[in-house]
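Asker: structure of the sequence below:
(one chain, ligands or ions: 1)
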Amino acid sequence: MAEMFKLKIVTPDRIFYDGEASMVELTTTEGEIGVYANHIPMTSIVSPGVLKIHEAEELRKATLMAGFIEVLQDRITIMAEVAEWPEDIDAKRAQEAKIRAERRLQDRYPGTDVMRAELALKRALVRLETVAR
Ligand code: ATP
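Answerer: Numbering: from 1, shown residues only. Presented below is the predicted three-dimensional model:
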């Protein structure tokens, strides 16, 4: 069996996750990473993406929008600004946010905050990916 490590994910308002995993996948500012036990210690900045927690028996998915990851020899801590389980996500709302953002980016009316629309689109896409089977 794969070696396990302790994984803790905290958000400003709760302990989002406290358990054991054999691998965790997430997106950082440097790209997508997969971390196993005994990884060299490192820290990185979290970018919007789907977090995949490989537990002994299960794969759990969640949305991470921003934060910070600290990898130590036997434990990983993620301090997330926003973290959402699939059951927290309203897929219809995310779909509507996606359409709204795409429309803004397509029309580009004067005064459009392109960066804001791009970030909103990214959040919506990540949420939809988290709830997708
Ligand atoms: P929207 O335009 O639908 O508000 P957004 O990406 O602008 O989406 P955020 O600013 O990322 O929303 O989030 C604001 C709050 O709403 C957060 O608490 C977030 O968890 C929640 N939220 C946003 N979208 C959804 C969703 N589709 N389902 C459940 N909660 C959501």
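
Asker: please name the nearest non-neighbouring residue to the spatially most central residue of the chain.
Answerer: Central residue of the chain (CA atoms, centre = their mean): residue 64, 2.3 Å from the mean position. Of all residues not flanking residue 64 in the chain, residue 51 sits nearest, at 4.6 Å (CB to CB, 6 or more residues apart in numbering). Just so you know, the C-beta spots here come from the backbone N, C-alpha and C atoms, and that holds for glycine as well.

Asker: can you report how many residues lie near the one you found?
Answerer: By other CB atoms under 10 Å, 27 other residues sit near residue 51.

Asker: one more: residue 129?
Answerer: 13.

Asker: likewise residue 27?
Answerer: Neighbours of residue 27 (other CB under 10 Å): 17.

Asker: who's the residue nearest to residue 64 bridged to?
Answerer: residue 62 (DSSP bridges).

Asker: can you name the residues that contact the residue nearest to the centre of the chain?
Answerer: Listed by CB atoms under 8 Å, 6 or more residues apart in numbering, the contact set of residue 64 reads 26-27, 46, 48-51, 78, 80, 82-83.

Asker: equivalent analysis for residue 72, please.
Answerer: residue 41.

Asker: tell me the spacing between it and residue 43.
Answerer: 10 Å (CB to CB, to the nearest Å).

Asker: then residue 89?
Answerer: 28 Å.

Asker: how about residue 103?
Answerer: Taking CB to CB, one finds residue 103 at 38 Å from residue 43.

Asker: over to residue 19?
Answerer: Distance from residue 19 to residue 43, by CB to CB: 21 Å.
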